[in-house]
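Visitor: just need the structure, nothing else, for what follows:
(chains A, B and C)
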Amino acid sequence: MDSYGSKAKALAGGTDILVQLRGNRFDIEMLVDVKSIPELNELSYTVSEGLSVGAAVPCIRIYEDSVVQQSYPCLVDAAFLIGGIQIQSRATIGGNLCNASPSGDTIPALIALEAEAVVFSKRGYRSIPVEDFCVGPGQNGLQDGELLVSIKFPPPKLYSGAHFLRFIPRNEMDIAVANVGVALTLDSKKQTVESARIALGAVGPTPLLATKASEFLVGKEISDDSLYETAEIAKQIASPITDMRGTINQRIHLVGVLTRRALQKAVERAKGV
Amino acid sequence: MNEKIHVKTKINDNDVEFLCEARQSLLEVLRDVLDMTGTKEGCNDGNCGACTVILDGQIVDSCLVLAVEVSGKTITTIEGIAGVDKLHPIQQAFLEQAALQCGICTPGFIVASKALLDREPNVSEGRIRHWLAGNLCRCTGYDKIVRAVMAAQENTK
Amino acid sequence: MTIKLDDKGISKPNYKVIGTRPIRHDGLEKVTGQARYSADINLPGMLYGKVLRSPHAHARIRGINAGKALALKGVFAVITSADFSIQSDKVIDLGEGAMTNPGFLSQNVMAKEKVLYKGHAVAAVAAESLHLAEEALALIDVDYEVMNPVFDVREAMKPGAPLLHDRLYHSSTPFMRPGGLKDDDDGSPGSNIASHFVFELGNPENAFNEADIIVEREFQTKPVHQGYIEPHAATATWNRDGKATLWCSSQGQFTMRDQSAALLGIPASNIRVIPLEIGGGFGGKTLVYLEPIALLLAKKAGRSVKVTMSRKEVFEGTGPTSGSFMRVKIGANNDGKFVAAEGVLAYEAGAFPGSPVNPGVQCMFASYDLKDVRVEGYDVVVNKQKVAAYRAPGSPGSCFAVETIVDELAEKLNIDPLEIRRKNGAKEGTRRVSGPVFGKIGYLETIETAKAHPHYIEPIGNNLDGKLRGRGVASGFWFNGSGPACATANVNSDGTVSLIEGSPDIGGTRAMAAMSVAEVLGLSAQDVHPSVGDTDSIGYTSNTGGSSVAFKTGWACYEAAQDIKRQCIDRAAEIWGVDPGQVEMHEGVLNEKSGARRQITFKELASVLLSTGGPVVGKATVDPAGVGGAFALHIADVEVDPQTGKVDVIRYTAFQDVGRAVHPSYVEGQIQGGVAQGIGWALNEEYVFSEDGTMLNSSFLDYRMPTSLDLPMIEAVIVEVPNPGHPFGVRGVGEVPIVPPMAAIANAVYDAIGVRISRLPINPATVLEAIWAKEGSGQG
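Guide: Numbering: from 1, shown residues only, chains lettered A, B, ... in the order given. Purely as a prediction, here's the structure:
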């Protein structure tokens, strides 16, 4: 891949890239199947290091993994609703991230969960916070000769909860009109928010970390009002477009609805309900 | 681009070798190279499930798998679902429940349903509907398909 | 066969096979992957064909240079419109009743002077592989002079709108659907209106003055595609003697033959069309697209050629049904009796004339007994795909409008929505606005069945999780069709019958055909082996369309079986040395009526046919009148999430008078399938275009047809009011189920959120905007 530079692309699940190649989305000379690289197929968890998901691990392996189910239910939420089962057998969150679609269905969940993308090249390894990984619609931050190896998630904190929601017109097999991932940690009394990360998709050129809304929620007591206000603040950074999948007004409105609903569910999870 | 690659794989319990171009999908090779036309093309972009096959135990859209990727793997297609002298219970249920009209989506539904019942012998209507959401049918409204999978589940017990 | 009638005039015949549910004959091949569909033909030495399509919605073709493509190694032929025979732009009768305009048809298959929509075919290549063919397409240079397009039906009707055809003939009769160009000496100005016509009954203008209440609204619908899962494909060989063979899946092998022959300028008998299994059609496979192209490429390349469409090409290059603009008005008395009605429909035809506005106009008020009614239709060309038939063409749009208004009248007059339909319902003797008077129909029986059904009686259930529930009902009407049909039935020595008929089987009609023969001869359904003949092996049979197959082809099979029965009676009489009048056949046994009272079973007789005078072949050709109209009444329960605008259908029941259900499972299947398409049309399906006329959602990802997770079980309730015009009482069943769902769901959404939505689809954005408008806020 190094010698082909921008004319080479990595093939993992192939569920996006093969369609894009057929549609002549880009001109490449080399497609490298990375599924055979052992490191990219690892799914591992330690209490101290957290979860590492190889870039070529398909969604179905992620959401059927008992550790992921127990400790990262938000990741299950996201991986479970990508495409149909046929797609989930192939599609990877690594590919989803590299594809860098503004509406990519796992990315807000990854951002909320403070995931980092581990990247390898001849120069060695480097880590990129997921919220910085996508730089534009369909554009990731990988340089020529760099390969996404894995995505690392910190271990879940005590009294934490996270949730991912997307809105689509059908019930499956659709591109998000808007999607939201949230993660938060409560105090030991499970009443006040100690930390929060809210991430939005399909409402800007890249998935976004809603910093202002996240910070607003920190220190607040859980209530319908505080969650509502947080969601209203989250709407402020949404700068969507109108296209065949949704309108500007609809998308901004949905950010509010989804953020509120995702926060409610995350709180439930944090409280262990 | 036109140079052919030699691939060895296993399809429906048979060792199979074929030559293909790197750009050819598994679906193309099944249909055009191996003349196994039971696997259907509906969209060629992973949104209809007509080309569903089982690849190493998982259902996939064969239009989204490059043929060169199946080297050393195991594939089951619609042609490999029935026994020599007997239909698979899912096939029988599709016939008895009138779960097909035009029949173009039927191979994909049967392959996907088989994979489901192999994994999960006790599934609800909701689980069947979720599992089959990647398979489009335009004729039946899914009612009789879902009933057929439920009936097959009863018959395999 | 004598049919006894009960006191309600409903027959209770003692059928042995009709009304049972045998396993369909073609089923095994379909569940094992053996069945061959259009793209499944692979011939030795076969080439692959692909079609080059226009990137512009409206442009003049200055020139096409295919030199570079032809120079590519492995490319064997390139064709353009210049390879087609020159066709008249005047309407002609193809000789077997199919009115068409071969000039327009030819130009739709391959653009001549102008491209008229994005996706319009301009050239085609044949090459050694599919990928090579695609590479070759990219090497064809087309010089376009881009012109201003017009997309919206109302814009296209305005004076000064860009004209698709400079000299389009303006017709004032609905029966000129294929359209044509003006006579050479006609100097009148051009327009995009291919036809404008009016039907009027009574005096609606005066009658509206008598109304206590009038509801008038405007409606809009978007083009939607039939969405069959099998893309078009055609494979052809062309022999040195000028004889050709064409393998394709279509709704009519004879239509494919005749249209292809007309476009190529050769005798129809030079082409043999072999019908393959058809992977869905719903009306969309009644026109040639690839077939003449495959034939021409095969001729030019001297090799067999398979031409296929991608899914994107299916969306961009074949016919959806019309987008429309409609204005409808109904006046009623305070007691709920309709006194007058009026409707103006403008339907988009796409690039060439022929929208289904005529059936739309004729169906819209057909469910109601109206004395004073006026309907008006416009067929308008726009720079979009030429529309093709889609399940009850024309009726779903216009009935969506009418049934929404009927619901509003019922609400305003505080009358039960089924009761208002019953009170005004069409029955035997009701005259339709276009003139015909109904014979025996089952609309009122259908309403009564719905009224008594648990779905209508049971409450809808409580709102849960902030979601709002609503229930809606709607009716629908479709004429049903007929046409010429043929059947040949060969008696085998083992006592079975091999049946050849001429209707491509789109949803189980071979089972129906076999059952019709079995019923007459006293056999089991499995003792009859049905197949669909090619154009050289069966007599002319009109399209599988218009819900006609069980009616006309079922009738042909019934008559072919009667022919066998007569011959068997003659043979038995001959063997026994008695007068044929002395022999009768009943439930598969031939009996001597008197004297020795000898008996021989049909199976026994079959085994001695060859030694007693030769084989018995039954045959029939029919073109029957007497179709019975079909009525449906649907009940939909929906759940609306008022925060996201999403509508889920949570319960659905469809009631339909089917006359007589030959195979009830496949009758239910037709109803369920029609409902599913209707739900898709109601909620999410539409062609979304960019400003330059590019279809933006030309994939199954973004053209959102319902998945299994989007639908509930769909209960189909069969009502049987037999059609006295058919030996078994059959009515067409396949089309009317798509007519009521859009209004039933719109009415249910109104019940849930209190807003009437008058444009389709009722997608989340539309529902949200409706809620915001009601609440008077920009956003919720």
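Visitor: residue contacts, residue A:54?
Guide: A:39, A:40, A:41, A:42, A:43, A:94, A:149, A:150 (CB atoms under 8 Å, 6 or more residues apart in numbering or on different chains). In short, each C-beta sits where N, CA and C put it, glycine included.
Visitor: count of residues packed around residue C:403?
Guide: The number of residues packed around residue C:403, counting by other CB atoms under 10 Å in any protein chain shown, is 28.
Visitor: not counting sequence-adjacent ones, nearest residue to it?
Guide: residue C:743 (3.4 Å; CB to CB, 6 or more residues apart in numbering or on different chains).
Visitor: re the thing from before, among the contacts of residue A:54, the buried ones, what's the ChimeraX command?
Guide: Entered in ChimeraX, the line below selects the buried ones among the contacts of residue A:54, by 16 or more other CB atoms under 10 Å in any protein chain shown:
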select /A:40,41,94,149,150
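Visitor: sorry, back to before: the residue nearest to residue C:403 contacts residue C:408, correct?
Guide: No - assessed by CB atoms under 8 Å, residue C:743 is found out of contact with residue C:408, at 10.8 Å.
Visitor: for the nearest residue to residue C:371 once chain neighbours are set aside, grab phi and psi.
Guide: In space, and not counting its chain neighbours, residue C:371 is closest to residue C:202: 4.7 Å by CB to CB, 6+ apart. Here is the backbone geometry of residue C:202 (degrees, to the nearest 10): phi 70, psi -150.
Visitor: could you measure from residue C:202 over to chain B?
Guide: Distance, residue C:202 to chain B, using CB to the nearest CB, to the nearest Å: 40 Å.
Visitor: burial count for that residue?
Guide: 16.
Visitor: then the one 10 residues further on?
Guide: The tally of other residues near residue C:212 (other CB under 10 Å) stands at 13.
Visitor: could you do residue C:89 as well?
Guide: Neighbours of residue C:89 (other CB under 10 Å): 18.
Visitor: that one belongs to a helix?
Guide: No - looking at residue C:89 with DSSP: H, G, I helix; E, B strand; the rest coil, it is coil, so not inside a helix.
Visitor: just the pLDDT for it.
Guide: You'll see residue C:89 listed with a pLDDT of 72.
Visitor: cool, and the one 3 residues further on?
Guide: What the model reports as pLDDT for residue C:92 is 61.
Visitor: same deal with the one 3 residues further on?
Guide: At residue C:95 the predicted local distance difference test score is 48.
Visitor: just residue C:6 next, same as before
Guide: 47.
Visitor: over to residue C:171?
Guide: Looking at residue C:171, the pLDDT reads 86.
Visitor: and it, how many residues sit next to it?
Guide: Based on other CB under 10 Å, the number of other residues close to residue C:171 is 19.
Visitor: ok, now which ones touch it?
Guide: By CB under 8 Å, 6+ apart, the neighbours of residue C:171 are C:179, C:194, C:195, C:196, C:197.
Visitor: is it correct that the residue nearest to residue C:371 is in contact with residue C:342?
Guide: No - if you go by CB under 8 Å, residue C:202 and residue C:342 don't touch, sitting 11.4 Å apart.
Visitor: what sits in contact with each of these two?
Guide: With CB under 8 Å, 6+ apart, residue C:202 and residue C:342 have common neighbours residue C:373.
Visitor: tell me which residue of the stretch 51-200 of chain A lies closest to chain B.
Guide: The nearest approach of the stretch 51-200 of chain A to chain B comes at residue A:84, 1.9 Å away (CB to the nearest CB).
Visitor: picking that back up, quick one: the residue nearest to residue C:371 from residue C:287, how far?
Guide: 38 Å (CB to CB, to the nearest Å).
Visitor: ends of stretch C:318-335, how far apart?
Guide: Start-to-end span of stretch C:318-335 (CA to CA, to the nearest Å) is 47 Å.
Visitor: typo on my end, stretch C:237-252
Guide: First-to-last residue span, stretch C:237-252, CA to CA: 19 Å.
Visitor: next: stretch C:685-697.
Guide: 10 Å.
Visitor: just to revisit the earlier point, surely the residue nearest to residue C:403 forms part of a helix?
Guide: Yes - under three-state DSSP, residue C:743 sits within a helix.
Visitor: the residue nearest the centre of chain A: what's it in contact with?
Guide: Chain A has residue A:107 as the residue nearest its centroid, 1.9 Å off, counting by CA atoms, centre = their mean. Residue A:107 makes contact with A:96, A:97, A:130, A:134, A:181, A:199, A:201, A:207, according to CB under 8 Å, 6+ apart.
Visitor: one more time with 7 Å
Guide: A:96, A:97, A:130, A:134, A:201, A:207 (CB atoms under 7 Å, 6 or more residues apart in numbering or on different chains).
Visitor: out of those residues, which are buried?
Guide: When the contacts of residue A:107 are checked for burial by 16+ other CB under 10 Å, the buried set is A:96, A:97, A:130, A:134, A:201, A:207.
Visitor: circling back to that earlier point, ok, the residue nearest to residue C:371 to residue C:55 distance?
Guide: 51 Å.
Visitor: burial measure for residue 108, as a count.
Guide: In the absence of a named chain, this looks at chain A. Residue A:108, neighbours per other CB under 10 Å, totals 36.
Visitor: please refer instead to chain B.
Guide: Neighbours around residue B:108, by other CB under 10 Å: 30.
Visitor: can you tell me the closest non-neighbouring residue to it?
Guide: residue B:52 (4.1 Å).
Visitor: tell me, how many residues neighbour that neighbour?
Guide: Around residue B:52 there are 33 residues (other CB under 10 Å).
Visitor: and it, bridged to which residues?
Guide: residue B:61 (DSSP bridges).
Visitor: can you pull the contacts of it?
Guide: A:86, B:59, B:61, B:108, B:111, B:112, B:135.
Visitor: please apply the same query to residue C:719.
Guide: Residue C:719 is in contact with C:442, C:445, C:446, C:449, C:655, C:656, C:657, C:658, counting by CB under 7 Å, 6+ apart.
Visitor: test my guess that the first one contacts residue C:721.
Guide: Yes - between residue C:442 and residue C:721 there is a contact under CB atoms under 7 Å: 3.1 Å.
Visitor: what about the closest residue to chain A within chain B, distance to residue C:277?
Guide: With CB to the nearest CB, the shortest gap between chain B and chain A falls at residue B:134, namely 1.9 Å. Distance, residue B:134 to residue C:277, by CB to CB: 23 Å.
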